[in-house]
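Asks: any chance you could fold what I've pasted below:
(chains A and B)
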Amino acid sequence: MTMPNTKNTFSPLGTFEEHVLLAVLRVEHAYGMPVRRELETLTERAVSIGAVYATLDRLEAKKLVASSRQEVEGRSRRTFFVTKLGGTALEATRRMRRRLWAGVQLETTKV
Amino acid sequence: MATPPKLPLWARPFSLLLPSAEKDEVLADLGDEFHARRGKSHADASAWLAHQILHSIVPLLRRTAWRGTTGFEPNSSRYQPGGPRMERWIIDTRYALLRLRSRPLYASLWVLTLALGIGGTAAATVILSAFLVKPLPYPDESTLFGFWAPFDWSEAEHVALRPDYPGFEAVATYREEPLALRQGEAPAKMIQGIASSTELFEVLGVQPARGRTFRASEDLHQGLPPVLVLSYRLWQELGGGQGVLGSFLKIDGESREVVGIMPEGFYFPEPKIDLWMTTALDPNNRSGNYALVGRSQGPLDAVALNTHTQQIAARLAEHFEYPAQWDKTKHSFAIPLREELLGSARGTLFATQIAMIAILLMAAANVAALMLGQLGTRAEELRVRYALGAPRSRLARQFILEALLLGFAAGTVAAGFALVVFQVLVSAMPLGPLADTIGSVSLLSSANAGASGLPLAIQLPAIAIGLSLVTSLVISLVPVIALWRGSAGLALTGSGRGSLGGRGGKMEGGLVVAEIAVAALLVAVAGLLLQSASNLRQIDTGIETSGVAVVSVNAPASEGGDRRLETIGRLQQALLHLPGVEAAAAVQVLPLSGGGWSTSFDIENVAGHEGATTYFRMVTEDYFDVMGISLVSGRGLLATDAGTGQAVTVINQALADRFFPDVDPLGQRISHGMRDGWARVVGVVENEAVGKLTDAASPTRYLHYRDVGFTPQGHSFVVRASTGASMNAVLPLLRSTIERVEPQVAVDRTTTMEQVHTEAMGATPQLTGLLILLGALALVLGMIGIYGVINHFVTQRRQEWSLRMALGLEPLAVLRHVVRRGAALIIIGLMLGLAATRMASQLLSNILYGTDAFDRGTLLVAATVLACSGLVAAFIPAWKAGRTDPASLLRK
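Replies: Numbering: from 1, shown residues only, chains lettered A, B, ... in the order given. So this is what the prediction gives:
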């Protein structure tokens, strides 16, 4: 099995990647369909199952999530969990967001 | 575990996008949710599922490509791997690309060889489709027909038949009419017009873009001035304004009203026509040069069409009596309008397409042989992979993918090649009057070529790449079949001749024999045409064509004969005084233009010439000097001959030989030809090719314009340029001088006598060029084929020969053996090719001149050229085989 090279110093997460990672953390049994449903509920947008699986694959290749086979509700499911690297990436992304938002007052700024 | 609910039928193909390891799970989840939603609303559930699938397609396709190229397999699948559906194809594509990169020579030979075949076929296909499929600019084309005896119908015949052409809604009669158009004081200009009966546009079913077409009454009364309908192009040339409609144009010196303008893209019968005008039909006029076009009452099959034309012929017989030798009521027929407009171009189009396809097949055969060669050289690798468990289908798939990749590259190269071939074909193929409908405009315009209406720059590459991919797929079946058949050999460990590496080569041999047969056919036909063209060139025209410029003019119909005669004199003088001009003369019909007037012939006080006719030519005094026609006896015509009250004439040798075999013709009086009375023979000149180039010398008499008493509208001036004067400089000078001196005279065309001579040779020189191109392509491909097969033959026997050479076999014996193998293939191919030429010779007999369609000498030369080229191609690998160092190979 070959794995693509992943950098130790990761680049910032894409928005959808960040959403998927967070959804994986939030649901109890994180396989494709519950993750998709969680994303739809939280973002209030239609999310396709294909986009979720494609992103999860990419995140697994970057070692930000890992997958294993687990039996959930009587069926074997490819279940995802966020790796340590994934957690670090999320934390770094949150910090980046805070820096971006620091000092921004939407009520007083002309938008 | 409960069986998950199934997805509706239409959603099931979604599984194709999913990796096998997670396919069931995803489909089950989708099914669950779909059924849960369906409980509330069926429509909403379906809409949700459709949205899920549609928005998943792109991300999943991208994931498939990504997993295929990276080989990524998730951790969850480590005990049960299962990649995306196309993963192996993607991996094999990558493998094929890598392999091709390591064999650039093989890849480029493959691509270039196939591109040669594809390029020609794509170009010929576009041309063929433009002529056979592209709709004519008339609605419901299938009910439009042309009739027999084109340009041989009279006004009286149409007037008699027009109340009822059985089976036809309407029939129009028309003739071509070169016209001089003059605007204000600008010099007159020749345009091509059609004079027709008023049914024309009703028959064609086309409405004008502006104004109206003809009214039924407009061709009934003699003396009624014709009305004009203009082409869009002429309307644009006249300024394209509203004012043109209803205005009067000066046509042939008379003012005629413009009543309509046709839409852009309309033409009838040819794109060069700029104007349609009514003509008053005289019910008593039995002479005429009209053609008929008709619209049937509905679609007609061949039997119904035949019945109707016979009814028309029967109606004709009720009204007219015809002499037996040209009885128009016999052999009646009608053909679809498209066929009539295409004329002889049809045969050329199909022949070219077939030749191009033959060349494509040759290229494909070569490429297939190349791939078979690869099968040989890769035998070791394939054996190992087969032994390690690679299924044959996987090995076959790699050959197919490799062929498709190379095919795509070949298609791209061929697209460029096709653009070049397209231009060559359009200029080299005798396409007839419709040639203007394609190729004359830029490659990016959608007005040209093609049935699809797409610009050539898109059409040609699309056809080239599509054709190349299909051909490559078919070609790849050749190594795949060989692989399948040789699969027993795959299991063997040895590399002897019984295994895959040492395949018998029968298939390659067969392919090469077929190639040589095609090459032999094309080279032989090229040879026959070349011989025919050379025969045509060697015909003595009796004219010194070099250094003679020609300018054809048309004087207005409104001028009287006397005025026209003065005009000719003035123009001749003006031309004579131009720099670079040695002599100038006028002639009523140019030689080598296919005919002209014939009039009845008689000799004073000699009976027995009733019904005899000879060609009749009006010339001015210097005509024979300009054309280099030498005087045999007597003298030429003089300007001072006129006015003596006694017409004089010069006859040619053919007339003297035929009508004065035992008498000196000088001083004899022969019938004038244009009026009653006699003309005295004052000289005899050598024969010139008065009519067609290939006609036998025809009796001809020449009279001075001044002695005829009637001056027609059209003439040509022939001008001998002084030595060293450039025709490129002389021709524009002739045109501008005529426009300046007599602006009411329209210049029809300026050219050279050499050009007239070339045109008189017909399609043969053009076709010869085309066939030489095709023959050369076939020859090159044939040589590549022989080389490839013999090389393969040598490679697979090299080991055996080294062994035998080490044991004392002479290298010369090896060389002989290999060349003999090549010669056997060549001989069989040649025999088949010459047999095919024999069959094709029936088609050729119409266009060959002075050459038997199965001319032994030409065919022998063609066979020798092919045999020598083939032997050279076979000799190179044979020579290499003879030089094999036994020690080096035995060491291996």
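Asks: and stretch B:178-190, what's buried?
Replies: B:179-182, B:187-190 (16 or more other CB atoms under 10 Å in any protein chain shown). Quick note: C-beta positions are derived from backbone N, CA and C, even for glycine.
Asks: please convert those to TSV, extending it with distance to chain A.
Replies: Converted to TSV, the buried residues of stretch B:178-190 look like this (distance: CB to the nearest CB, whole Å):
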residue	distance to chain A
B:L179	70
B:A180	73
B:L181	68
B:R182	73
B:P187	73
B:A188	73
B:K189	68
B:M190	69
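Asks: let me have the residues you listed in JSON lines, extended by pLDDT and secondary structure.
Replies: Below are those laid out as JSON lines (pLDDT from 0 to 100; DSSP: H, G, I helix; E, B strand; the rest coil):
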{"residue": "B:L179", "pLDDT": "87", "secondary structure": "strand"}
{"residue": "B:A180", "pLDDT": "86", "secondary structure": "strand"}
{"residue": "B:L181", "pLDDT": "88", "secondary structure": "strand"}
{"residue": "B:R182", "pLDDT": "84", "secondary structure": "strand"}
{"residue": "B:P187", "pLDDT": "85", "secondary structure": "coil"}
{"residue": "B:A188", "pLDDT": "85", "secondary structure": "coil"}
{"residue": "B:K189", "pLDDT": "87", "secondary structure": "strand"}
{"residue": "B:M190", "pLDDT": "87", "secondary structure": "strand"}
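Asks: hmm, which two among the residues you listed are most spread apart?
Replies: Greatest spacing in these, by CB to CB: B:L179 and B:P187 (14.5 Å).
Asks: which residues touch B:G117?
Replies: B:356, B:359-364, B:414, B:471, B:781 (CB atoms under 8 Å, 6 or more residues apart in numbering or on different chains).
Asks: confidence score at the spatially most central residue of chain A?
Replies: For chain A, the residue sitting closest to the mean C-alpha position, by CA atoms, centre = their mean, is A:L21 at 1.7 Å. On pLDDT, A:L21 comes in at 95.
Asks: surely it meets A:L59?
Replies: Yes - applying CB atoms under 8 Å as the test, A:L21 and A:L59 come out as touching, 6.7 Å apart.
Asks: overlap in contacts, these two.
Replies: Residues touching both A:L21 and A:L59 (CB under 8 Å, 6+ apart): A:65, A:86.
Asks: what about the longest helix in chain B?
Replies: helix B:764-806 (DSSP state H).
Asks: over to chain A?
Replies: Longest helix in chain A, counting by DSSP H: helix A:84-101.
Asks: report the buried residues of that one.
Replies: A:85-86, A:89-90, A:93.
Asks: that one and chain B in contact?
Replies: No - figure legend: helix A:84-101 not in contact with chain B (CB under 8 Å from any CB of the partner chain); closest approach 13.4 Å.
Asks: what helix or strand does the nearest residue to B:G691 once chain neighbours are set aside sit in?
Replies: In this structure, B:G691 finds its nearest non-sequential neighbour in B:G595, 5.0 Å apart by CB to CB, 6 or more residues apart in numbering or on different chains. Assigned by DSSP states H and E, B:G595 belongs to no helix or strand.
Asks: my guess is B:G595 contacts B:S698, does it?
Replies: No - the pair B:G595 and B:S698 does not pass the contact test of CB under 8 Å, sitting 9.6 Å apart.
Asks: what sits in contact with each of the two?
Replies: B:G691.
Asks: hang on, the earlier thing: make CSV from the buried residues of stretch B:178-190 and add distance to B:R570 to it.
Replies: Below are the buried residues of stretch B:178-190 laid out as CSV (distance: CB to CB, whole Å):
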residue, distance to B:R570
B:L179, 23
B:A180, 17
B:L181, 22
B:R182, 18
B:P187, 15
B:A188, 15
B:K189, 20
B:M190, 20
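Asks: I'm done for today, thanks for sticking with me.
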